[in-house]
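Participant: Give the three-dimensional model of this entry:
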Amino acid sequence: LNIPRYVDSSEKAESWDIYASMFGGIPESELAGLKLYWDAFPGLKEALFASDNHAYCHLRAANIRAAVGEHTSVSSFVSGFNSAFSGFGEFLSHELLDGMKSLNISKEEAVLSDDIFARLANVPLVDRYEAYQLLDENWNRIAVDLEIIQTEGFSATRQVDPNMVIKKKDGKDQEVQEGWLGHVLPFALVQELLLPDELQALKDCEARISEISGEYESLLDELSEDDKEKDFVNEGKDAFVAAEVKKAIKAKEAEPETLAVLKKVDTLITEEKTLKKQAKDDAAALHIKTKKTIEGLDDAAVIDILRLKWIVPLTGSIETMPQTVLNDFVAKLDALCKKYETTFAAVEEQIKETELSLRGYIDELTGNEFDMQGLKEFKILLGGE
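Facilitator: Predicted coordinates:
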């Protein structure tokens with residue numbers, strides 16, 4: 001089949017209600033296009049909109065997102081979804097962790113998707129195929145790990161491989177080792193779970209280095225334009241030159257205010273240099289410690305990390321689905337309300353006010369006789385005399 005010949009995937013052309021465009025209000029006919037949401041959230045439409053007549057209404061809620069989020073029917077929808085997926089993490093643990101050595105990898109994704117579809121059977125609005133897409137995105141990674149465990153044995157989870165990268169040397173591409181990689185367990189997850197103190201210390205060090213960059217910018221702003229032309233500021237006028245900063249401080253030829261700034265800069269340069277060395281050393285030490293940690297893990301620790309790698313991302317992405325539905329709903333409501341927020345009459349009034357203001361500016365202009373004739377004709381077009 002030539003699918004595009006039989007299936008039109010283009011967006012439906014937007015229509016505009018003539019009455020609402022002229023007089024304002026929100027057409028009931030366009031709100032009816034959100035029937036799936038009104039059916040799923042009983043009472044919400046009446047809470048959001050007040051009727052003007054049988055065909056039009058107006059928004060009564062000051063904040064659409066807050067009004068939607070606080071409504072009892074929406075809370076029930078979210079609670080219903082959460083109840084449907086109660087125990088989903090435990091189900092995944094049983095399927096993937098308990099049965100990792102014997103499960104049928106080629107059929108397991110179908111087993112998981114069937115469970116997800118069953119849980120969504122009585123949940124409105126949530127697209128089951130979007131849920132399947134979330135599963136599929138996570139499954140590819142999980143399946144690779146399961147294949148390794150089943151073919152190489154559980155001990156493969158404690159294996160660490162050389163991280164081989166391509167680098168140029170003497171003008172030629174060469175493969176060289178640059179650290180290590182977990183064969184199954186990612187270094188980042190191991191650090192997060194088992195080496196949190198070392199990881200946090202490294203992050204703090206890197207955060208301080210980033211803060212220093214901001215402090216450099218603030219100190220640059222304190223300099224006069226004349227100071228920015230001097231050698232201790234680079235040609236781009238966006239950074240200090242460390243060697244020249246030291247020279248200027250030693251020479252003491254700058255104004256006292258400038259010297260005070262340069263001394264702060266010099267202190268920051270020294271601190272930054274120390275921190276960068278510390279960060280590099282700490283990162284290298286953490287890398288080696290992570291390697292040794294992975295190689296020495298017991299089975300229970302491996303299971304914990306696999307749970308963090310396989311199950312937490314999948315359950316986390318599934319849990320966001322109700323909020324995704326609500327965000328989409330609020331966006332549609334917001335667009336509909338803004339669509340008729342400004343009437344043609346209001347636009348016409350704004351045009352008239354702008355033309356009136358422009359005619360006043362024309363009267364203030366001067367020029368030669370031809371300019372004035374042109375301006376006179378332009379004023380007539382704007383409705384002036």
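Participant: Just give the nearest non-adjacent residue to residue 233, would you?
Facilitator: Nearest non-adjacent residue to residue 233, counting by CB to CB, 6 or more residues apart in numbering: residue 240, 6.3 Å away. All C-beta atoms are positioned from the backbone trio N, CA, C, and that covers glycine.
Participant: pretty sure that neighbour contacts residue 230?
Facilitator: No - assessed by CB atoms under 8 Å, residue 240 is found out of contact with residue 230, at 10.5 Å.
Participant: Who has more neighbours out of those two?
Facilitator: Taking neighbours as other CB atoms under 10 Å, residue 240 and residue 230 compare with residue 240 leading, 21 against 15.
Participant: I'd like the distance between that one and residue 216.
Facilitator: Separation of residue 240 from residue 216 (CB to CB, to the nearest Å) stands at 6 Å.
Participant: same question, residue 178
Facilitator: 30 Å.
Participant: If you count surrounding residues, which of those two has more?
Facilitator: When residue 178 and residue 216 are compared for neighbours, residue 216 comes out ahead with 18 against 11, by other CB under 10 Å.
Participant: host element of the more buried one?
Facilitator: In the assignment (DSSP states H and E), residue 216 maps to helix 196-222.
Participant: and that helix, what does it pack onto?
Facilitator: helix 187-194, helix 256-295 (3 or more CB pairs under 8 Å, 6 or more residues apart in numbering; DSSP states H and E).
Participant: distance between the last one and the chain's centre?
Facilitator: Distance, stretch centre to chain centre, for helix 256-295: 29 Å (CA atoms, centre = their mean, to the nearest Å).
Participant: next one: the first one
Facilitator: Going by CA atoms, centre = their mean, the spacing between the C-alpha centre of helix 187-194 and its chain's C-alpha centre is 23 Å.
Participant: same thing with stretch 223-242?
Facilitator: Offset of stretch 223-242 from its chain centre (CA atoms, centre = their mean): 36 Å.
Participant: average pLDDT across that stretch?
Facilitator: Across stretch 223-242, the average pLDDT comes to 93.
Participant: How about stretch 77-94?
Facilitator: 97.
Participant: Take that stretch and give me the span from its first residue to its final residue.
Facilitator: Length of stretch 77-94, first residue to last, CA to CA, to the nearest Å: 28 Å.
Participant: Repeat that for stretch 26-37.
Facilitator: Terminal-residue distance, stretch 26-37 (CA to CA): 17 Å.
Participant: Buried ones in it, by neighbour count?
Facilitator: Using 16 or more other CB atoms under 10 Å as the test for burial, stretch 26-37 gives 26, 27, 28, 30, 31, 34, 37.
Participant: now, the most widely separated pair of those?
Facilitator: Greatest spatial distance among the buried residues of stretch 26-37 (CB to CB): 27 and 37, at 16.3 Å.
Participant: Measure how buried the nearest residue to residue 314 once chain neighbours are set aside is and give me the count.
Facilitator: Among residues not flanking residue 314 along the chain, residue 138 sits closest, at 4.4 Å (CB to CB, 6+ apart). Using other CB under 10 Å, residue 138 is surrounded by 22 other residues.
Participant: Could you pull up the residues touching residue 138?
Facilitator: By CB atoms under 8 Å, 6 or more residues apart in numbering, the contact set of residue 138 is 310, 313, 314, 317.
Participant: Can you classify it by secondary structure?
Facilitator: Counting by DSSP: H, G, I helix; E, B strand; the rest coil, the backbone at residue 138 sits in helix.
Participant: Could you check the pLDDT of it?
Facilitator: 95.
Participant: swap in the one 3 residues further on?
Facilitator: pLDDT, residue 141: 93.
Participant: what about it, which helix or strand?
Facilitator: Using DSSP H and E, residue 141 maps to helix 128-152.
Participant: buried residues in that helix?
Facilitator: Buried residues in helix 128-152 (16+ other CB under 10 Å): 131, 132, 134, 135, 138, 139, 142, 145, 146, 148, 149, 150.
Participant: residues of the helix or strand just after it that come out buried?
Facilitator: Downstream of helix 128-152, the next assigned helix or strand under DSSP H and E is strand 160-169. For strand 160-169, the neighbour count (16+ other CB under 10 Å) marks residue 160 as buried.
Participant: How about stretch 93-109?
Facilitator: 93, 95, 96, 100, 108, 109.
Participant: Check stretch 108-122 too.
Facilitator: Going by neighbour count (16+ other CB under 10 Å), the buried part of stretch 108-122 is 108, 109, 112, 113, 115, 116, 119, 120.
Participant: per-residue confidence for residue 310?
Facilitator: 97.
Participant: ok, now the one 3 residues further on?
Facilitator: Reading off the confidence values, residue 313 has pLDDT 96.
Participant: show me what contacts it?
Facilitator: Going by CB under 8 Å, 6+ apart, residue 313 touches residue 138.
Participant: how close does it sit to residue 139?
Facilitator: Applying CB to CB to residue 313 and residue 139 gives a distance of 11 Å.
Participant: Run through the residues that contact the residue nearest to residue 271 when sequence neighbours are not counted.
Facilitator: In space, and not counting its chain neighbours, residue 271 is closest to residue 212: 6.6 Å by CB to CB, 6+ apart. Applying CB under 8 Å, 6+ apart, one finds that residue 212 lies in contact with 268, 271, 272, 275.
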